[in-house]
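Participant: sequence plus the predicted model coming up.
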Amino acid sequence: MKLVITEPKDFSLKALDLLKSKFEVIQLADINNLNNIIENVDVLFIRLGIILNDKILKKAKVLKFICSPTTGLDHIDIEYCKNKNIKVISLKNEIDFLGSIPSTAEHTWTLLTAINRKLHLAQIDVNSKHWDRNKFKTYNLRGKTLGILGIGRVGKQVAKFALAIGMKVISYDTDKRQTFENIECVNHPEDLFLKSDFVSIHIPLNKNNEKFVNNNLISLMKKEACIINTSRGKVWDENAIVNALLSDKIRGVATDVVQDEISHNIFASPIFKIDTSKYNCIITPHIAGATYDSMAMTEVFIANKLLKNV
């Protein structure tokens with residue numbers, strides 16, 4: 001059976017050995033060549049660098065498995081796969097394993113502290129040969145309130161960081177049965193946005209959550225509040241976020257995801273209307289999970305999961 005790794009750079013050697021024990025492994029030198037070979041491929045091992053839509057998948061004649069060491073699957077046409085009996089193997093719902101992966105929570109915390117201290121604006125100013133500390137006065141985190149929207153595995157890890165430095169943590173989750181030590185669970189998302197100095201988004205993207213963070217919720221935020229998104233770009237109304245920052249209704253925005261990421265025109269996303277050299281906005285290219293450690297762990301996990309299903 002042929003298995004193609006579409007993004008082999010820095011791929012885990014341990015995972016590679018596992019895959020080679022069962023498959024003829026092809027490491028794709030150029031992701032654009034997938035169209036030329038997909039017809040005879042049994043297994044695809046992908047990441048976020050490719051969008052598997054029906055146009056590409058229709059060329060696959062013997063494809064049995066798609067492996068994606070990710071939790072989100074909006075880069076794969078899941079309906080097409082269901083109809084064609086192609087099994088998608090991912091990290092979705094692998095709660096116990098995902099609890100051991102810290103990278104997304106660490107990046108969330110990095111964005112939160114960076115946006116609070118306006119680090120990117122300070123760096124730009126220093127690069128321009130200015131040395132003016134008065135431009136970048138900000139606030140302590142201790143004593144402030146962090147609102148976590150979606151208290152799953154990443155949300156809980158972020159909460160631990162916040163509690164460790166003396167922040168108050170509140171959360172909203174659709175699963176009202178959950179209770180956590182030292183975290184106040186509010187009953188309505190409106191309460192979270194009203195009370196928080198920082199809002200961190202960790203809800204999954206699904207039909208119910210598209211543009212969950214809408215203009216109504218954003219309008220409730222404090223003028224000095226910041227919002228961070230390491231979930232998916234479509235879980236918030238990006239235009240509303242842009243308008244809130246540009247009209248000085250919130251203090252800062254930090255995101256690792258954008259609205260049109262799963263498209264061929266990422267930079268059409270409204271968030272790019274913001275001049276990040278002038279406004280307190282940080283945009284990173286979906287790198288929250290991109291650490292050598294975490295990527296290797298997820299690749300090995302998915303390789304083992306595939307072998308159990310073959």
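Facilitator: It's in. Worth saying up front: this structure is predicted, and the values here are computed from it rather than measured.
Participant: now do the contacts for D197.
Facilitator: Neighbouring residues of D197 by Cβ atoms under 8 Å, 6 or more residues apart in numbering: 139, 144-146, 222, 224-226. The way it works is simple: take the backbone N, C-alpha and C, and place the C-beta from them, glycine included.
Participant: which ones among these lie within helices?
Facilitator: Judged by DSSP state H, helices contain none of these.
Participant: narrow those to those that are buried.
Facilitator: 144-146, 222, 225-226 (16 or more other Cβ atoms under 10 Å).
Participant: pull out the buried residues from the lengthiest helix in the chain.
Facilitator: When the chain is parsed with DSSP H, its longest helix is helix 292-309. Residues of helix 292-309 classed as buried by neighbour count (16+ other Cβ under 10 Å): 294-303, 305-306.
Participant: which pair of the residues you listed spans the longest distance?
Facilitator: Checked with Cβ to Cβ, these reach their widest spread between S294 and L306, with 18.5 Å between them.
Participant: touching stretch 175-184 from outside, list them.
Facilitator: 148, 151, 156, 159, 163, 168-171, 185, 187.
Participant: ok now it, how far from the chain's centre?
Facilitator: Stretch 175-184 sits 23 Å away from the centroid of its parent chain (Cα atoms, centre = their mean, to the nearest Å).
Participant: try stretch 107-121
Facilitator: In this view, stretch 107-121 has its centroid 16 Å away from the chain centroid, taken as Cα atoms, centre = their mean.
Participant: contacts for that stretch, please.
Facilitator: Residues outside stretch 107-121 that contact it (Cβ under 8 Å, 6+ apart) are 135-136, 138-139, 141, 146, 154, 158, 161, 198, 200, 202, 226, 228, 230, 252-256, 276-277, 280-282, 284, 287-289.
Participant: domain parsing for the chain?
Facilitator: By the assignment in automatic domain parsing, the chain contains the domains 2-92+291-309, 103-283.
Participant: turn the ones you listed into CSV, including mean pLDDT.
Facilitator: Formatted as CSV, the domains of the chain follow (pLDDT from 0 to 100):
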stretch, mean pLDDT
domain 2-92+291-309, 96
domain 103-283, 96
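Participant: quick one, the helix or strand that contains E106 and helix 292-309 angle?
Facilitator: Following DSSP states H and E, one finds E106 within helix 103-117. Between the axes of helix 103-117 and helix 292-309, defined by axes from the mean of the first three to the mean of the last three Cα atoms, to 10 degrees, the angle is 150 degrees.
Participant: the buried ones among the contacts of D197 in strands, which ones?
Facilitator: In this view, these that belong to strands under DSSP state E are 145-146, 226.
Participant: what count of nearby residues applies to Y279?
Facilitator: Residues contacting Y279 under the criterion other Cβ atoms under 10 Å number 16.
Participant: got phi/psi on it?
Facilitator: Note on Y279: backbone dihedrals following degrees, to the nearest 10 are phi -110, psi 160.
Participant: which parts of the helix holding E106 are buried?
Facilitator: In helix 103-117, counting by 16+ other Cβ under 10 Å, buried: 103-112, 114-117.
Participant: nearest to I51 among those residues?
Facilitator: For these, the nearest to I51 is T104 (21.0 Å; Cβ to Cβ).
Participant: and the closest one, what does it touch?
Facilitator: By Cβ under 8 Å, 6+ apart, the contact set of T104 is 154, 157, 230, 288-289.
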